[in-house]
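Colleague: requesting a structural model of the entry that follows:
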Amino acid sequence: MVPRNQFTWGASYAWGEMLTLGFDSFWIDDQFVTGDDANTASPLENYFVTNAHLVYAPKEEIEIFFRVNNLFDKLYSTRAVTIGFSEAFATGTIFFNPAPERNMTVGTRVKF
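Modeller: Numbers count the residues shown, from 1 in each chain. Have a look, this model is predicted:
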């Protein structure tokens, strides 16, 4: 389900014209479990995740970037689902979709 509140921010700093370091974060409020129409199950807890990126641009047309997602390796779920509401809660079964753990991306962008 859609959280009631969410907040996103980001900032970056450029050293000269070739190097940029940046961070972005998001906070997501508690969310109800999908399929729990009465909202009686415990909601998913809120979470706060931070990402970082470094960009080196030796020329205007070329960028080499490095990005770390989930910098602090926060364990959280973006969604939880119950299927067959009464049957699921008789056994206490809720299915969680875990978010990715810390991961990194390295790449190049070329502008034509």
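Colleague: list the contacts for Asp30?
Modeller: Pro3, Arg4, Pro43, Leu44, Glu45, Asn46 (Cβ atoms under 8 Å, 6 or more residues apart in numbering). Yep, even glycine has a C-beta here, placed from its N, CA and C like the rest.
Colleague: mind giving me the ChimeraX select for those, buried ones only?
Modeller: Here is the ChimeraX command that selects the buried residues among the contacts of Asp30 (16 or more other Cβ atoms under 10 Å):
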select :3,43,44
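Colleague: dump the contacts of Asp30 into CSV; add distance to Asp36 as well.
Modeller: Formatted as CSV, the contacts of Asp30 follow (distance: Cβ to Cβ, whole Å):
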residue, distance to Asp36
Pro3, 15
Arg4, 15
Pro43, 9
Leu44, 11
Glu45, 15
Asn46, 17
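Colleague: farthest pair within the contacts of Asp30?
Modeller: The span of the contacts of Asp30, defined through Cβ to Cβ, is set by Arg4 and Glu45 at 13.5 Å.
Colleague: where's Asp24 relative to Thr34, distance?
Modeller: 27 Å (Cβ to Cβ, to the nearest Å).
Colleague: should've said Phe7
Modeller: Using Cβ to Cβ, Phe7 is found at 22 Å from Thr34.
Colleague: and these two? which has more neighbours close in?
Modeller: The neighbour count for Phe7 versus Thr34, taken as other Cβ atoms under 10 Å, is higher for Thr34 (16 against 10).
Colleague: who's in contact with the more buried one?
Modeller: Taking Cβ under 8 Å, 6+ apart, we find Thr34 in contact with Met1, Arg79, Ala80, Val81, Thr82.
Colleague: how many other residues sit next to the closest residue to Arg4 other than its chain neighbours?
Modeller: Once flanking residues are discounted, Arg4 sits nearest to Asp29: 5.2 Å by Cβ to Cβ, 6 or more residues apart in numbering. Each residue near Asp29 was counted by other Cβ under 10 Å, and the total is 15.
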